[in-house]
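Engineer: here are the coordinates; sequence isn't available:
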Ligand code: MG
């Protein structure tokens, strides 16, 4: 079996990127790459397609992953948009391999540890960001729809004194504590609550918040400080009993090595649609498992990337919970032939061969902002 073509689409309004890999054996693989500047164009860059993929056996997934990296290495592109493109292609290769061997992808990643993937709903903020009651209302609404894990954001308030020095004024510290306490108290004790700080704060300032959160038994506090300094994050992590989560800005196992070896996070959150794909996700999880660190993948993908992540999550012993970002997004729910993939905060691990879900191409076509390489041919 040989790869004959690689194509991609950029969708709208949410800029999801879908990848299609075709073969001479009748199998077509679908993947999703994390969106970003030009990712769908990189997917069909000749350095990836002609130099690494076309004419090759798609079932040699790990070899082709290395070939794609090596083909791009002359430009030093091991990260960012290039690795996102490679991740989407890698998923499509696994889809082909699974179909060709008539097994789900998770089977090829070592087998499954679980039949369902627990999903947390990212709630952002309350409808009225200044009113804790509206945050509580949203939390209770989402919980009532079956989710037993939620996340809210504590982004800088409009009242922040200076957005460049990363400090938090006392009134904003008090607001974050008030609103998160109110949400926590409104939820069932067994419903998990995570909080995301989006890299915005100085260690000493976010620790004031993290200390107060200790009484709330949060699932985690995510990205309390900027993502590029492992030593600084380790200081934060060791200073508080509130679990610290990070990782959505890191690429490949090499990007996670220093973070994991320094045990600078309690939980890691790789985004499999950009960190290198499904095999690399499993490798990152195994690296984390050597320090007994659970993995809670970041995910803002459409249904293809989300289901792809589920295959990897099924095969990770240390999987914790998977992010979901698109509650009530009708496009998310209508892009696959299979509907209502998330029920009661869980996704059933697919049993069908390959990815196990099929694109509804008429819906995808309708939502296409740009097509390259003949996606719909
Ligand atoms: Mg985040």
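Structural biologist: Good, I have the coordinates. Treat the numbers as computed from the prediction; the structure is a model and nothing was measured.

Engineer: For the protein, which segments count as helices?
Structural biologist: Taking DSSP state H as the test, the helices found in the chain are 39-43, 61-73, 80-101, 105-108, 132-144, 170-186, 203-213, 230-239, 252-261, 272-275, 278-289, 303-314, 330-334, 361-366.

Engineer: And the third one, what's buried?
Structural biologist: Okay, so that is helix 80-101. Buried residues in helix 80-101, counted by 16 or more other C-beta atoms under 10 Å: 80-100. Using the backbone N, CA and C atoms, a C-beta is placed for each residue, glycine as well.

Engineer: Which pLDDT value goes with whichever residue of the chain sits closest to the ion?
Structural biologist: Distances between the chain and the ion by C-beta to the ion are smallest at residue 196, namely 4.5 Å. pLDDT recorded at residue 196 is 98.

Engineer: Who are the contact partners of residue 220?
Structural biologist: Shown in contact with residue 220 (C-beta atoms under 8 Å, 6 or more residues apart in numbering): 194-195, 242-245, 266-267, 296.

Engineer: again with residue 214
Structural biologist: Per C-beta under 8 Å, 6+ apart, neighbours of residue 214: 240-242.

Engineer: which of those are buried?
Structural biologist: Among the contacts of residue 214, those classed as buried by 16+ other C-beta under 10 Å are 240, 242.

Engineer: The ion contacts on the stretch 51-200 of the chain?
Structural biologist: Contact residues (C-beta under 5 Å from the ion) of the stretch 51-200 of the chain with the ion: residue 196.

Engineer: Quick check: which ranges of the stretch 51-200 of the chain have low pLDDT?
Structural biologist: Applying pLDDT under 70 to the stretch 51-200 of the chain picks out residues 75-77.

Engineer: returning to that earlier point: switch the contacts of residue 214 over to TSV; also include distance to the ion and pLDDT.
Structural biologist: Shown next, in TSV, are these (distance: C-beta to the ion, whole Å; pLDDT from 0 to 100):
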residue	distance to the ion	pLDDT
240	18	98
241	21	98
242	16	98
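
Engineer: related to what we said a few turns ago, tell me which of the helices of the chain is the most buried.
Structural biologist: Burial of the helices of the chain is given as mean neighbour count (mean count of other C-beta atoms under 10 Å); helix 272-275 ranks first at a mean of 32.

Engineer: what about that helix, distance to the chain center?
Structural biologist: Relative to its chain's centre, helix 272-275 lies at 7 Å (C-alpha atoms, centre = their mean, to the nearest Å).

Engineer: can you list contacts of it?
Structural biologist: Helix 272-275 is touched from outside by 32-34, 36, 83-84, 87-88, 91, 250-252, 255, 278, 280-281, 284, 297, 299, 301, 305, 308-309, 312, with contacts defined as C-beta under 8 Å, 6+ apart.
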